[in-house]
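Novice: Using only what follows, build the 3D model:
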Amino acid sequence: MAEKKHVINTDRCKACGLCVYFCPKEALTLGNEFNEMGYNFVLVDDDKCVKCGICQTICPDVAIKVMEG
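Specialist: The predicted structure follows:
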């Protein structure tokens, strides 16, 4: 079985923080770098993440995907 991974579209992220708030393992944080729209985007700590997919479900801008591969 293939391992799951995060794919974050940093250009879509508007730094709303919902994924950070709802992450059960506190694996997501808002970074210090900014995207083209001027928002600091989400970063994932793969050591903490359990790939549950809550971030993908809660993101209103469809900026996060948890995929096989």
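
Novice: and the lengthiest strand in the chain, average pLDDT?
Specialist: Using DSSP state E to define each element, the chain has its longest strand at strand 28-34. In this model, strand 28-34 has a mean pLDDT of 95.

Novice: for it, packing partners?
Specialist: Applying 3 or more Cβ pairs under 8 Å, 6 or more residues apart in numbering; DSSP states H and E, one finds that strand 28-34 makes contact with helix 18-22, strand 40-44. To be clear about C-beta, it is placed using only N, CA and C from the backbone, and glycine gets the same treatment.

Novice: which outside residues touch the first one?
Specialist: Applying Cβ atoms under 8 Å, 6 or more residues apart in numbering, the external contacts of helix 18-22 come out as 28-30, 42, 54-55, 58-60, 64.

Novice: Restricting the selection to alpha carbons, write it to CSV.
Specialist: Listed next in CSV are the C-alpha coordinates belonging to helix 18-22 (Å, rounded to 0.1, in the frame of the first residue of the first chain):
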residue,chain,number,x,y,z
LEU,A,18,-8.8,26.4,10.2
CYS,A,19,-6.6,23.4,9.3
VAL,A,20,-4.1,24.5,12.1
TYR,A,21,-6.9,24.8,14.6
PHE,A,22,-8.6,21.4,13.8
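
Novice: what two of the contacts of helix 18-22 are the furthest from one another?
Specialist: Within the contacts of helix 18-22, two members stand farthest from each other by Cβ to Cβ: 29 and 60, at 18.3 Å.
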